[in-house]
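In: just to be clear, the model below is a prediction. Sequence and coordinates:
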Amino acid sequence: MKPVRWTPHALDNLAAREIDPKEAQQALLHPDCTRPTHLSRTMRLRRYPDRTLNQDMLLCVVTEETIEETVVVTVFKTSPLERYLREVQP
């Protein structure tokens, strides 16, 4: 895998949204599924047990690929798992 660079926005989101950086790294490296988004970005999705909220959540890591690196643009978590997972089902 290419080197990974986290934007300041993505790092701020980790703290503001109380996302465990280890969980975000797992979603980045080992997503349950991926899907393209606008602007040539990729959303990497991974289900995980959120200990803060005490429920299953979906972690979404949005990346852009360049020739040299993978750039993490933003990261967020959401609870409507089916909404995102349904959209990637064949």
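Out: All right, it came through fine. Numbering: from 1, shown residues only.
In: give me the element the spatially most central residue of the chain is part of.
Out: In the chain, the residue lying closest to the centroid (Cα atoms, centre = their mean) is Val61, at 1.7 Å. Taking DSSP states H and E as the criterion, Val61 maps to strand 55-65.
In: other residues contacting that strand?
Out: With contact meaning Cβ atoms under 8 Å, 6 or more residues apart in numbering, strand 55-65 is reached by 2, 19, 23-24, 27-28, 31, 37, 39-50, 70-81, 84-85. C-betas here are computed from N, CA, C, even on glycine.
In: which ones among the residues you listed lie within strands?
Out: Among those, the members falling in strands (DSSP state E) are 41-50, 70-78.
In: okay, now the unreliable bits of this structure?
Out: Within the chain, the stretches with pLDDT under 70 are 81-90.
In: mind checking how far the nearest residue to Val71 once chain neighbours are set aside is from His38?
Out: Of all residues not flanking Val71 in the chain, Glu64 sits nearest, at 4.6 Å (Cβ to Cβ, 6 or more residues apart in numbering). For Glu64, the distance to His38 equals 11 Å [Cβ to Cβ, to the nearest Å].
In: neighbour count: the two, which is higher?
Out: Shown here are Glu64 and His38; by other Cβ atoms under 10 Å, Glu64 has more neighbours (16 against 5).
In: for that one, give the beta-bridge partners.
Out: Arg41, Val71 (DSSP bridges).
In: narrow the ones in strands among the contacts of strand 55-65 to those that are buried.
Out: Among the ones in strands among the contacts of strand 55-65, the ones that count as buried by 16 or more other Cβ atoms under 10 Å are 42-46, 48, 50, 70-77.
In: nearest to His9 among those residues?
Out: The closest of these to His9 turns out to be Thr74 (Cβ to Cβ; 5.8 Å).
In: quick one: contacts for Asp20?
Out: For Asp20, the contacting residues are Arg51, by Cβ under 8 Å, 6+ apart.
In: if we go to 6 Å?
Out: By Cβ atoms under 6 Å, 6 or more residues apart in numbering, the contact set of Asp20 is empty.
In: phi, psi for it please.
Out: Here is the backbone geometry of Asp20 (degrees, to the nearest 10): phi -70, psi 120.
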